[in-house]
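Undergrad: using only what follows, build the 3D model:
(chains A and B)
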Number of protein chains: 2
Amino acid sequence: MNEQPLILNGTVVAQQIKDELAVRVQTLTEKGVVPCLATILVGDDPASATYVRMKGNACARLGIRSLKVELGKTTSTAGLVAEIERLNDDPSVHGILLQHPVPEHIDERAAFEAIRLDKDVDGVTTAGFAQNAFGMAAYPSCTPAAILAILDHYGLPIEGKHAVVVGRSPILGKPVSQMLLNRNATVTVCHSRTQDLGRIVALGDIVVAAVGRPQFIRGDWIKEGAVVLDAGYNEGNVGDVDYEACLPRVSAITPVPAGVGPVTIATLLKHTVEAAERTL
Amino acid sequence: MNEQPLILNGTVVAQQIKDELAVRVQTLTEKGVVPCLATILVGDDPASATYVRMKGNACARLGIRSLKVELGKTTSTAGLVAEIERLNDDPSVHGILLQHPVPEHIDERAAFEAIRLDKDVDGVTTAGFAQNAFGMAAYPSCTPAAILAILDHYGLPIEGKHAVVVGRSPILGKPVSQMLLNRNATVTVCHSRTQDLGRIVALGDIVVAAVGRPQFIRGDWIKEGAVVLDAGYNEGNVGDVDYEACLPRVSAITPVPAGVGPVTIATLLKHTVEAAERTL
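TA: You can find the predicted model right below:
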């Protein structure tokens, strides 16, 4: 049987990141620069409002200013882009986060693209994606970066491992697969059209679940000793992984909640502080 | 035993593309627009000079103007970028190709990035890469596009297949993996740090060799019935695949020469014609 699996505690990883950031925020503030994250919420989706509030609270606890921009649900693409451009031009704003999803009539991609690369702390622009894929300097998407931060915190090796990413979204599956590839993992990307998904997931020394379907990744798909990272967060505090079923097989796993989620928020704060530091 | 494998004849595929283009070039020319590809050669690498000449000849045969820019091997990054910007601003130029590699003292990435997206017919900019990865409108890199054109020409399905890409370069391995993913293949990317490469290659229903090492992909790695695409071109007209050893196992395979190579050039011409059409 398996040894006791390692539970990858995102709260601990996030706290360590925030402890380091607290010192940097203080240094910045002493130099007269208060790091500032602008959050944009369009419409009245309650879950989105909650996410934005959580991010604002996390900023506040660390001495990062958060500028909350709330736009009505009838806002046009042009109106949203104009607001983003105003924030691009505001030197007191260091990072811009547009909360996904926006109302359906808005061209979300056009809005994301309007965010200037040096303020794209959430890693949503195509420029940011490509620069990351090519190992350049832009901020990676926060959840992919959080996944790597967790692996690194616990000293879990990436190089030479076979990583299986389930999901191919522009802010999760695609960037995390590029980041794992750049860290010298062999990377397989699966999705809704993958045939015999269980057989493919079973190849993974590292499995990243980024599907957005509750408990979609089954325990009997997981190779003995694999490391499982669950980036899902579905209604009722349930991840994309069937946690209980995976537990007897994995060597390490993130729980939901208190897994990838808190590290994602800490990563957003980290990027905002870095963006502020770069203005010095 | 295997049925007779299908030899994927790149010359035939390229000819069909060029036949279609000839009509479009004529239409453009009648409207007073002569499609023009600017090729930039820096230094005196004989192989690069040959490639540029081949591309120029292919343009000429189709009625596409080629503007040959040749810069000395001591050209600086700034000098090269200035030349690219001049071509960006020249309305008679529709596409710009910077022949890789440039002399070592030049920041090749900075030079590629200087090419304006609407003239990036070779698909080398990060913006082009990301737009392709996200299914947007930019021109894909030519070799990856050629690989897909060959599969499509012969009616070989991509969706639901497991594609194994060996190589992760910015203009080949990375973009072709994204394009196969967007066509609903399950995609694995391997590279020099992949462990047990043969076992991974053996998963592939489709295998793309993009390593740059002669006959690196062994016959006994190939799954029975796989489709093998060899994007390699090494000294002595040798691909990255051990062709003779693979032949008894594959259902289809590209030879070298007369495989991916001619389709790559035809794709470059196609993008140039499209860029000219978009100016109408």
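
Undergrad: write out the residues of chain A neighbouring chain B.
TA: Residues of chain A lying near chain B by CB under 8 Å from any CB of the partner chain: A:109, A:126-127, A:129-131, A:133-134, A:136, A:159-160, A:162, A:168, A:170, A:174, A:177-178, A:181, A:184, A:186-191, A:193-195, A:200, A:203. The C-beta positions use only the backbone N, C-alpha and C, and glycine is treated the same way.

Undergrad: give me the buried subset of these.
TA: Neighbour counting by 16 or more other CB atoms under 10 Å in any protein chain shown classes A:126-127, A:129-131, A:133-134, A:162, A:168, A:170, A:174, A:177-178, A:181, A:184, A:186-191, A:194, A:200, A:203 among those as buried.

Undergrad: now stretch A:138-158: buried residues?
TA: By neighbour count with 16+ other CB under 10 Å, stretch A:138-158 contains the buried residues A:138-151, A:153, A:156, A:158.

Undergrad: equivalent analysis for stretch A:227-236, please.
TA: Residues of stretch A:227-236 classed as buried: A:Val227, A:Val228, A:Leu229, A:Asp230, A:Ala231, A:Gly232, A:Tyr233 (neighbour count, 16+ other CB under 10 Å).

Undergrad: show me the contacts for the last one.
TA: It refers to A:Tyr233. By CB atoms under 8 Å, 6 or more residues apart in numbering or on different chains, the residues touching A:Tyr233 are A:Gly239, A:Val256, A:Pro257, A:Gly261.

Undergrad: by neighbour count, which of those residues wins?
TA: Within these, neighbour counts (other CB atoms under 10 Å in any protein chain shown) peak at A:Gly239, which reaches 29 neighbours.

Undergrad: possible to save the buried residues of stretch A:227-236 as TSV with pLDDT, secondary structure and distance to B:Gly56?
TA: What follows is the buried residues of stretch A:227-236, written out as TSV (pLDDT from 0 to 100; DSSP: H, G, I helix; E, B strand; the rest coil; distance: CB to CB, whole Å):
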residue	pLDDT	secondary structure	distance to B:Gly56
A:Val227	98	strand	52
A:Val228	98	strand	53
A:Leu229	98	strand	50
A:Asp230	98	strand	54
A:Ala231	97	coil	49
A:Gly232	93	coil	52
A:Tyr233	88	coil	55
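
Undergrad: which one among those gets closest to chain B?
TA: Among the buried residues of stretch A:227-236, A:Val227 lies closest to chain B (CB to the nearest CB), at 15.6 Å.

Undergrad: any chance you could map the helices in the stretch 51-200 of chain A?
TA: For the stretch 51-200 of chain A, the helices defined by DSSP state H, counting those that start in this stretch occupy A:77-89, A:108-114, A:126-133, A:142-153, A:173-182, A:197-201.

Undergrad: and the fifth one, what other elements does it pack with?
TA: Contact analysis of helix A:173-182 by 3 or more CB pairs under 8 Å, 6 or more residues apart in numbering or on different chains; DSSP states H and E lists helix A:126-133, helix A:142-153, strand A:162-166, strand A:186-190, strand A:206-209, helix B:173-182 as its packing neighbours.

Undergrad: what does the domain assignment say about chain A?
TA: A:32-116, A:142-261 (automatic domain parsing).

Undergrad: still on that earlier bit, of the buried residues of stretch A:227-236, closest to B:Ala266?
TA: A:Ala231 (40.9 Å; CB to CB).

Undergrad: not counting residues beside it along the chain, what's closest to that closest one?
TA: Excluding the flanking residues, the one nearest A:Ala231 by CB to CB, 6 or more residues apart in numbering or on different chains is A:Ala210, at 4.5 Å.

Undergrad: same thing with A:Gln195?
TA: Among residues not flanking A:Gln195 along the chain, B:Gly160 sits closest, at 4.8 Å (CB to CB, 6+ apart).

Undergrad: which ones are touching that neighbour?
TA: Listed by CB under 8 Å, 6+ apart, the contact set of B:Gly160 reads A:Arg193, A:Thr194, A:Gln195, B:Asn184, B:Ala185, B:Thr186.

Undergrad: one step back: do I have it right that the residue nearest to A:Ala231 meets A:Ser169?
TA: Yes - with contacts counted by CB atoms under 8 Å, A:Ala210 reaches A:Ser169, the gap being 6.7 Å.

Undergrad: so between those two, which is more surrounded?
TA: Set side by side, A:Ala210 and A:Ser169 show more neighbours around A:Ala210, with 26 against 17, by other CB under 10 Å.

Undergrad: from chain B, how far out is that one?
TA: 14 Å (CB to the nearest CB, to the nearest Å).

Undergrad: how many neighbours does A:Val208 have?
TA: Look at A:Val208: counted by other CB under 10 Å, it has 32 neighbours.

Undergrad: likewise for the one 4 residues further on?
TA: Around A:Gly212 there are 14 other residues, counting by other CB under 10 Å.

Undergrad: from A:Met54, how far out is A:Glu70?
TA: Distance from A:Glu70 to A:Met54, counting by CB to CB, to the nearest Å: 15 Å.

Undergrad: equivalent analysis for A:Ser177, please.
TA: From A:Ser177 across to A:Met54, the span is 27 Å (CB to CB).

Undergrad: identify the residues contacting the closest residue to A:Ala133 other than its chain neighbours.
TA: Nearest non-adjacent residue to A:Ala133, counting by CB to CB, 6+ apart: A:Gln178, 4.0 Å away. Contacts for A:Gln178 (CB under 8 Å, 6+ apart) come out as A:Phe129, A:Asn132, A:Ala133, B:Lys174.

Undergrad: and which of those is nearest B:Pro91?
TA: A:Phe129 (30.6 Å).

Undergrad: I'd guessed that closest one sits against B:Ala130; true?
TA: Yes - the pair A:Phe129 / B:Ala130 is scored as a contact, 4.8 Å apart, by CB under 8 Å.
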